[in-house]
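J.: take a look and give me a structure for this.
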Amino acid sequence: MVKKMGLNWRQWSLHKHNHLLVKVAVSLLLMGLAFRLLFVHSTVPEAPFVEKPVIASPPVILNTPVSEEVPVTRDPIPEKGKCDLFTGDWIPNPSGPVYTNESCQLIESHQNCMKNGRPDSAYLYWRWSPRACELPQFDAYRFLDLMRNKSWALIGDSITRNHIQSLLCILSKQSPSASVAFNLIPCVIDFDNVEQPDHVYHDESYKNRRWVFPSYNFSISVVWSPFLVQAAIFEDMNGVSTSEVQLHLDQLDKKWVDQFQNLNYMIISTGKWFLKDTIYYENNTVVGCHSCSNQNITKLGFDYAYRKTLSFVFNFIIASKHKGMIFFRTATPDHFESGEWNTGGVCPKTAPVKEGELEFKDPQTVLHNIELEEFAEAEKKAQENGVNLKLLDLAKISLTRPDGHPGPYRFFHPLANGQSAASVQNDCLHWCLPGPIDSWNDVIMEMMVN
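T.: Alright, predicted model coming up:
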């Protein structure tokens, strides 16, 4: 009888203990759900920016001191010496992009290839991999944390505008886990967003814009300055010109110069616009032209103007004593085949190519050589003056991705009525979003933190 009672007591104790464990497990689960509901319902729903009313007031740059560098704790690259981030290969990336055209409302229609009906998707599943080291994927949460009270600007042409859309899509959609944000271990809760940026400024043409991530007091701007020097441009939204560009080679564009000293980080680029028909001015006097119709003007060529402009820009940067970080991005190539943008050119490839399969076209070779030569000279002087000037040489990385452009899908379902790709205007210069341009941000973050 005693033995039987002892056995029953042990069974009851074990049953009570198990019951207690179940209660604890259920409590932890309910706590996790409560945290998720709290943060999901406190998030402002996404909405396409273009439909949101924005008062077009002059841009205001955050008035925070420009520091020399951001304090970073990160394991160094294991290989000896510096890694060449620009020599590598595009390798398969089964996980694909961290955002989609549905999750990000900041993609302009001409780069929204999937919405516009591009039928293939293999171009989304590649990432850039340097041969000498591991390149981590862009960490949006860490980037924003490092950028507290900082300001960025991407300065240049429409490729720059293409790039800032990519960066904003990644920043607003890649998420930390709750274990990182709240140290809830082992319970892990995934959120949908890091933070949606507030669009706080645009000009009338929407070419100059600024966003702020309010929780981080971090601003990021795009500044339209396709030549970096003062220019009068006479063309429509489709690139059709009514007159030659009037380019002042001795006057920097105030749109970026006036903001320069208040920016902590910037990416400056130019290039393709120098191939347009242009009349050159110095001291407000015509000194020559490129591909102009006036036979009385000296033909100087775009290389003259490009070298003079880059030298002028770099000398300004060198003398500025700027204490932030300045990237100079090389011009990226187009992949038009069987013509150019206005003569039936297409870009039909659907996969990356290997190094050596494609070469720069002659004008791109000239632009790239001038960029490397002028930067090499400027870099030495910048170091002597304590200016942190870095080369972001994305030209060769981009050369091997002829599959990443919108092609005919810059328009909505352009081939729906049986047209051929060559019968509609193709875009083989800008990049689909998501697409290869997203890997640029991996390279930039690695250069920034190492």
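
J.: got phi/psi on Trp90?
T.: phi -90, psi 120 (degrees, to the nearest 10).

J.: then Ala378?
T.: Dihedral angles for Ala378 - degrees, to the nearest 10 - are phi -70, psi -40.

J.: residue contacts, it?
T.: Contact partners of Ala378, counting by C-beta atoms under 8 Å, 6 or more residues apart in numbering, are Ser311, Phe314, Asn315, Ile317, Ile318, Leu389. Any C-beta I mention is one placed from the backbone N, CA and C, and that applies to glycine too.

J.: would you format these as TSV with pLDDT included?
T.: Putting those into TSV (pLDDT from 0 to 100) gives the following:
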residue	pLDDT
Ser311	98
Phe314	98
Asn315	98
Ile317	98
Ile318	97
Leu389	98
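
J.: generate a PyMOL selection restricted to the buried entries among those.
T.: The buried subset of the contacts of Ala378, as determined by 16 or more other C-beta atoms under 10 Å, is captured in PyMOL by this line:
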select buried, resi 311+314+317+318+389
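
J.: so which of the contacts of Ala378 sit within helices?
T.: Using DSSP state H, Ser311, Phe314, Asn315, Ile317, Ile318 are the members of these that sit in helices.

J.: buried ones in stretch 202-211, by neighbour count?
T.: Neighbour-count burial for stretch 202-211 [16+ other C-beta under 10 Å]: His202, Lys207, Asn208, Arg209, Arg210, Trp211.

J.: ok, these vs His335, which is closest?
T.: Lys207 (24.5 Å; C-beta to C-beta).

J.: doesn't that closest one belong to a strand?
T.: No - applying DSSP: H, G, I helix; E, B strand; the rest coil, one finds Lys207 to be coil, outside a strand.

J.: check whether the residue sitting nearest the centre point of the chain sits in a helix, strand or coil.
T.: Closest to where the C-alpha atoms of the chain average out (C-alpha atoms, centre = their mean) is His163, at 3.3 Å. Put simply, His163 is helix when judged by three-state DSSP.

J.: ok, now Lys381?
T.: helix.

J.: hang on, the earlier thing: distance to Tyr125 added to the ones in helices among the contacts of Ala378, as CSV?
T.: Shown next, in CSV, are the ones in helices among the contacts of Ala378 (distance: C-beta to C-beta, whole Å):
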residue, distance to Tyr125
Ser311, 41
Phe314, 38
Asn315, 43
Ile317, 38
Ile318, 42
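
J.: redo the buried residues of stretch 202-211 as CSV? Include pLDDT and distance to Met114.
T.: Shown next, in CSV, are these (pLDDT from 0 to 100; distance: C-beta to C-beta, whole Å):
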residue, pLDDT, distance to Met114
His202, 96, 25
Lys207, 95, 25
Asn208, 97, 28
Arg209, 97, 23
Arg210, 98, 27
Trp211, 98, 23
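
J.: still on that earlier bit, wait, which of the contacts of Ala378 is closest to Pro92?
T.: For the contacts of Ala378, the nearest to Pro92 is Leu389 (34.6 Å; C-beta to C-beta).

J.: please name the nearest non-neighbouring residue to Pro197.
T.: Leaving aside its chain neighbours, Pro197 sits nearest to Trp211 (3.9 Å; criterion: C-beta to C-beta, 6 or more residues apart in numbering).

J.: now do the end-to-end distance for stretch 249-257.
T.: 15 Å (C-alpha to C-alpha, to the nearest Å).

J.: oops, could you answer that again for stretch 348-359 instead?
T.: 17 Å.

J.: can you read off the pLDDT for Glu46?
T.: The per-residue pLDDT reported for Glu46 equals 33.

J.: the residue nearest to the centre of the chain against Pro436, yeah?
T.: No - taking contacts as C-beta atoms under 8 Å, His163 lies outside contact range of Pro436: 11.3 Å.

J.: let me know how buried Ser291 is, in neighbour terms.
T.: 12 (other C-beta atoms under 10 Å).

J.: hmm, back to that, from what I see, the residue nearest to Pro197 and Ser219 are in contact.
T.: Yes - at 7.0 Å, Trp211 counts as touching Ser219 under the criterion of C-beta under 8 Å.

J.: shared neighbours of the two, which are they?
T.: Common neighbours of Trp211 and Ser219 (C-beta under 8 Å, 6+ apart) are Val200.

J.: all helices for the chain, in order.
T.: Counting by DSSP H, the helices of the chain are 2-41, 140-146, 158-173, 178-182, 254-257, 302-319, 362-384, 395-399, 438-449.

J.: mean pLDDT for these: which is lowest?
T.: Among the helices of the chain, helix 178-182 scores lowest, at a mean of 32.

J.: ok so, going back, and the residue nearest to Pro197, what does it touch?
T.: Leu168, Pro197, Asp198, His199, Val200, Ser219, Ile220, Ser221.

J.: could you rerun that using 7 Å?
T.: When the contact criterion is C-beta atoms under 7 Å, 6 or more residues apart in numbering, the partners of Trp211 are Leu168, Pro197, Asp198, His199, Val200, Ser219, Ile220.
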